[in-house]
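[1] Provided below for reference: sequence and predicted model.
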Amino acid sequence: MPKRTDIKSILIIGAGPIVIGQACEFDYSGSQACKALRAEGYKVILVNSNPATIMTDPEMADRTYIEPINPEFVEKIIEKERPDAILPTLGGQTALNCAVQLAESGVLKKYNVEMIGANEQVIKKAEDRELFKKAMLKIGLDLPESDRANDLKGARAVAEKIGYPVIVRPSFTLGGTGGGVAYNKEQLEELAARGLESSMISEILIEESVIGWKEFEMEVMRDLADNVVIICSIENFDPMGVHTGDSITVAPAQTLTDVEYQKMRDASIAVIREIGVDTGGSNIQFALHPKTGRMVIIEMNPRVSRSSALASKATGFPIAKIAAKLAVGYTLDEIPNDITRETPASFEPTIDYCVVKIPRFTFEKFPGSDTTLTISMKSVGETMAIGRTFKEALQKGLRGLEIKAAGFDDLKNLDPKAVKNKLSVPNPDRIFYLKYALKNGFTVDQIYKLTAIDPWFLNNLKEIIDVEKKLIKDGRKILKDKELFWLAKKTGFSDIQIARIAGTDEVTVFEARKKLGITTTFKLVDTCAAEFEAYTPYYYSTYEVEDECRA
Amino acid sequence: MKAILALEDGTIFTGSAFGARGTSYGEAVFNTAMTGYQEILTDPSYKAQIITMTYPLIGNYGVNPEDVESEKPHSSGFIIRELSGITSNWRAKGSLDSYLKKYNVIGIEGIDTRALTKYIRSRGAMKAVISTSVTDPKKLVKMAGEWEGLEGVDLVKKVTCAKSYQWNDSGKFKVVVIDCGAKHNIMRELEKRDCQVTVVPAQTTAKEILSLKPNGVMLSNGPGDPAAVTYVIETVKNLIGKVPIFGICLGHQMLGLALGGKTYKLKFGHRGANQPVMNLLTRKVEITSQNHGYCVDIDSLNKDEVELTHINLNDKTSEGLRHKKHPVFCVQYHPEASPGPNDAKYLFDEFIRIINA
């Protein structure tokens, strides 16, 4: 289908201020959309209250409004600019909420503005728990079991039926207070009593806990011809119970067989169709029971999300840009893949490296705050690293955090007495406690029992430590031993880490490395695992035989 | 232990051995699927091929007894970047390393698989040798050059079943699968659609097949050069018009040949789980699982008899055909998936539809 000519001007709503839980990822997606739509000849009207964004640069849109993102102001903009369409799916939750309010209050209808990408019914269906549950059951997907209760007796019965632990959520509270996890009958009674009291309609929802299950995400795209593709799968290092934004995440999924991956893929496609996102990207989260493989759907975001920026950079597939083009009527097969030029965007990226995202916390700036990681996001940023192995990418990612770690280091200020607690209760330093534990006699199995982090990840951590132990044993030998040096580099050790181990300085290590003929190589991110030639110079560094850098 | 991959043009890749030890010949190819190594290894279409996985981390979820496409691995070698040091999946019953040892498949890890893939992409699929016992690279290169290769060689006879057998006991539709190296999921998909499946050796004649009074005939996937499997092409010629036929992969190529078309070898083939195919009848895009080195030449077909139904959106090669008069259709890719997306499963329903028609 060619692009739509019945619309000429499009209003894009930005994401507003940067807050904890929402950084500049929506500036990225919004900017991509502005550029893509203007390139297609549409008049782009932009509203964003945050002037410290790329998207509010004067050349990004035809009209830019730096105004509060709320229905009152946006209505005024609509009244003045009279856009034909509004694209709400690229500015995060803020934009989505604002657009829904404008639709519900009748403003969009009044000014004859069409919501493109996803309309208010779609957004509601994805975000309203009841509607979502109904839709998922309709397409045969499994969800965590749940039921309502209006008194203690009912609460006990529901909890018995589901089995502990259970999540207790009061219905209709001010500010969502009064919920929690009950591991036994006593805790349930306490939480249920409190919940029933705080609920304005004396009702609580008791839900099966999936804490400790494996967590996965799928980035999905759909076009107006109903073609659906998966852009990227993501597996969380931290299991369910930690917000994805606070989890170390890995792309692609590492521990799923093809059978399980395809089941998740089929489910994702069914979800985006049933929820009815017309065009663009969605993010769908799943939990998987580690022993039985039972797969439940957790939620779906009917918009470009935090993970979309990551998935774009992880695969080379520009989700926001393509989403904007799909919103104006193009189909995936009509859009070329910028990187390969000759192949279309109607394919699924395949990657030949491992991507690790690590959250960055700054609890030191908020003295007294609780550092336990839960289901509300607390990180303020993240690093993303690409390597040929998970070990290499993890070390690169930790190095990039700017927390004075040169990789998977030994942190000095750890509390040896608290190790077990620091492993079982998620916290920002858990990755370093994992190292401490693995170095101090804990087995992968013991740590798995404490953390529910998949043994595949834990074993990779152990392999880094094993290489480190070998390097320590051999000391300065590494400076003259090519094989050993290669091993260190392939495991992601930086020159600084090697210098520390060899008892010398970084420059000496660098010189020794050069002498051994071990240099950084650059590999392309090309969306296709080298099946086709890539024209876009997007590289990551690693240590391999072939260097692809053309510079 | 060191293991060496030598290509016929003199290129050498050295890594560490895993799986079995020894020396083995094959055509060096690459597969870009990120999951499904067990299905890939056990797909008989990989007979006489040394597979490079472009995804670097392999073995993570181990192996299990269910995810197999035949009774054993058929690939002559397996090349990866890093073998997982642990097996982590609730269905796993063993490690990839011990699996390859058990079935005598040589593996190499620690290779710059991206460099190798790019090499195959630019020079084309090549004859190769993989060895843990011969350490002289020059000797290995010579051995690779002297190997017979795939072109003009009938590999089907090496993977087809020795005698016919019943896949399942009952079903509404009687379907005969001509086993050229059939993946089990083809039979599983037929069984799911109420078919009683009889699997017959590739050498079975049209007369023998028709004497079974099938409602439909499935031409399976299989390894190697389709033009070398003359006896199956002959059988297919004698079946067209007498019974509904559905061909997959090699089955598609043999149908193409039986209908008077020609096949040719692709430079490095299509092997992966992300290939976009357009259904020209519905204009919809399917993401497909593929594994083929040969292709049906679109221009060689008689347009009055045969209609092109599917094309590959990456390189515009033929991916599906149907006969304009007879209930005969085929696809170059793998609707049975396993591994890969399930987008094209509707083709099995289509087969049932034409059987019923």
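    Arrived safely. Numbers count the residues shown, from 1 in each chain, chains lettered A, B, ... in the order given.

[2] Could you pull out the strands in the stretch 351-500 of chain A for me?
    With DSSP state E, counting those that start in this stretch as the criterion, the stretch 351-500 of chain A has strands at A:354-360, A:381-387.

[3] Of those, which is nearest chain B?
    Chain B lies closest, by Cβ to the nearest Cβ, to one member of the strands of the stretch 351-500 of chain A: strand A:354-360, at 6.2 Å. Heads up, the C-betas are built off the backbone N, CA and C, glycines and all.

[4] Contacts (any at all) between chain B and the closest one?
    Yes: using Cβ under 8 Å from any Cβ of the partner chain, strand A:354-360 reaches chain B at A:Cys354.

[5] Relative to that strand, what are the paired strands and their orientations?
    Note on strand A:354-360: by DSSP bridges, its sheet partners are strand A:249-251 (antiparallel), strand A:381-387 (antiparallel).

[6] Centre of the chain to it, how far?
    Chain-centre distance of strand A:354-360: 10 Å, with Cα atoms, centre = their mean, to the nearest Å.

[7] So which bits of stretch A:51-68 are buried?
    A:53, A:55-56, A:60-62, A:64-65 (16 or more other Cβ atoms under 10 Å in any protein chain shown).

[8] near chain B, from the residues you listed?
    Of those, not one also sits near chain B (Cβ under 8 Å from any Cβ).

[9] Mind checking which of those are in strands?
    A:64-65 (DSSP state E).

[10] could you give the mean pLDDT of stretch A:47-60?
    Stretch A:47-60 shows an average pLDDT of 93 in the prediction.

[11] what does that stretch rub up against?
    A:11-18, A:24, A:27-28, A:30-31, A:34-35, A:38, A:44, A:46, A:61, A:64-69, A:73-74, A:77, A:91 (Cβ atoms under 8 Å, 6 or more residues apart in numbering or on different chains).

[12] Just the buried ones from those?
    A:11-16, A:18, A:24, A:27-28, A:30-31, A:34-35, A:38, A:44, A:46, A:61, A:64-65, A:69, A:74, A:77, A:91.

[13] Assign the most centrally placed residue in chain B to helix, strand or coil.
    Nearest to the mean C-alpha position of chain B, by Cα atoms, centre = their mean, lies B:Ser45 at 3.3 Å. Counting by DSSP: H, G, I helix; E, B strand; the rest coil, the backbone at B:Ser45 sits in helix.

[14] got the contact list for it?
    By Cβ under 8 Å, 6+ apart, B:Ser45 lies in contact with B:74, B:181, B:183, B:221-223, B:249-250, B:291-292.

[15] Take those and lay them out in a markdown table including secondary structure and distance to A:Thr389.
    Shown next, in a markdown table, are those (DSSP: H, G, I helix; E, B strand; the rest coil; distance: Cβ to Cβ, whole Å):
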| residue | secondary structure | distance to A:Thr389 |
| --- | --- | --- |
| B:His74 | coil | 28 |
| B:Gly181 | coil | 34 |
| B:Lys183 | coil | 31 |
| B:Asn221 | coil | 33 |
| B:Gly222 | coil | 35 |
| B:Pro223 | coil | 32 |
| B:Cys249 | coil | 33 |
| B:Leu250 | helix | 36 |
| B:Asn291 | strand | 26 |
| B:His292 | strand | 30 |
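
[16] Could you export these as CSV, including neighbour count, pLDDT and distance to A:Ile162?
    Listed next are those as CSV, based on neighbours: other Cβ atoms under 10 Å in any protein chain shown; pLDDT from 0 to 100; distance: Cβ to Cβ, whole Å:
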residue, neighbour count, pLDDT, distance to A:Ile162
B:His74, 24, 97, 47
B:Gly181, 27, 98, 48
B:Lys183, 26, 98, 41
B:Asn221, 27, 98, 46
B:Gly222, 30, 97, 50
B:Pro223, 28, 97, 51
B:Cys249, 32, 97, 47
B:Leu250, 31, 97, 51
B:Asn291, 29, 97, 45
B:His292, 24, 96, 49
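
[17] picking that back up, what about the buried residues of stretch A:51-68, which are in helices?
    Members of those lying in helices (criterion: DSSP state H): none.

[18] export stretch B:157-176 as PDB, just CAs?
    Taking C-alpha atoms only, stretch B:157-176 is exported to PDB below (Å, rounded to 0.1, in the frame of the first residue of the first chain):
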ATOM      1  CA  LYS B 157      19.400 -42.600  -1.500                       C
ATOM      2  CA  LYS B 158      21.500 -42.200   1.600                       C
ATOM      3  CA  VAL B 159      18.800 -40.700   3.800                       C
ATOM      4  CA  THR B 160      15.500 -42.300   2.500                       C
ATOM      5  CA  CYS B 161      13.900 -45.000   4.600                       C
ATOM      6  CA  ALA B 162      14.900 -48.600   3.700                       C
ATOM      7  CA  LYS B 163      11.200 -49.700   3.500                       C
ATOM      8  CA  SER B 164       7.900 -48.200   3.800                       C
ATOM      9  CA  TYR B 165       6.200 -47.700   7.200                       C
ATOM     10  CA  GLN B 166       3.000 -46.400   8.800                       C
ATOM     11  CA  TRP B 167       3.700 -43.100  10.700                       C
ATOM     12  CA  ASN B 168       0.300 -43.400  12.500                       C
ATOM     13  CA  ASP B 169      -2.500 -45.900  12.500                       C
ATOM     14  CA  SER B 170      -5.600 -43.900  11.600                       C
ATOM     15  CA  GLY B 171      -6.900 -40.800  10.000                       C
ATOM     16  CA  LYS B 172      -9.500 -39.500   7.600                       C
ATOM     17  CA  PHE B 173      -7.200 -38.800   4.700                       C
ATOM     18  CA  LYS B 174      -4.600 -41.300   3.400                       C
ATOM     19  CA  VAL B 175      -1.400 -39.500   2.600                       C
ATOM     20  CA  VAL B 176       1.700 -41.100   1.200                       C
END
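
[19] what's the distance between it and the middle of its chain?
    Using Cα atoms, centre = their mean, the offset of stretch B:157-176 from its chain centre is 18 Å.

[20] Can you classify A:Phe26 by secondary structure?
    A:Phe26 - assigned by three-state DSSP - is helix.

[21] tell me the contacts of it?
    A:Phe26 is in contact with A:14-15, A:90-92, A:94-95, A:304, counting by Cβ under 8 Å, 6+ apart.

[22] Do a quick rundown of the helices in the stretch 151-300 of chain A.
    With DSSP state H, counting those that start in this stretch as the criterion, the stretch 151-300 of chain A has helices at A:152-162, A:185-198, A:258-275.

[23] Among these, which comes closest to A:Ile206?
    helix A:152-162 (4.4 Å; Cβ to Cβ).

[24] want to throw the contacts of A:Phe26 into a markdown table with secondary structure, distance to chain B and pLDDT?
    Shown next, in a markdown table, are the contacts of A:Phe26 (DSSP: H, G, I helix; E, B strand; the rest coil; distance: Cβ to the nearest Cβ, whole Å; pLDDT from 0 to 100):
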| residue | secondary structure | distance to chain B | pLDDT |
| --- | --- | --- | --- |
| A:Gly14 | coil | 32 | 93 |
| A:Ala15 | coil | 31 | 91 |
| A:Leu90 | coil | 23 | 89 |
| A:Gly91 | coil | 28 | 87 |
| A:Gly92 | helix | 28 | 86 |
| A:Thr94 | helix | 33 | 88 |
| A:Ala95 | helix | 29 | 91 |
| A:Val304 | coil | 21 | 87 |
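
[25] Nearest to B:Lys158 among those residues?
    Once Cβ to Cβ is applied, the member of the contacts of A:Phe26 that ends up nearest B:Lys158 is A:Val304, at 50.5 Å.

[26] Settle this for me: that closest one is touching A:Leu87, isn't it.
    No: assessed by Cβ atoms under 8 Å, A:Val304 is found out of contact with A:Leu87, at 10.3 Å.
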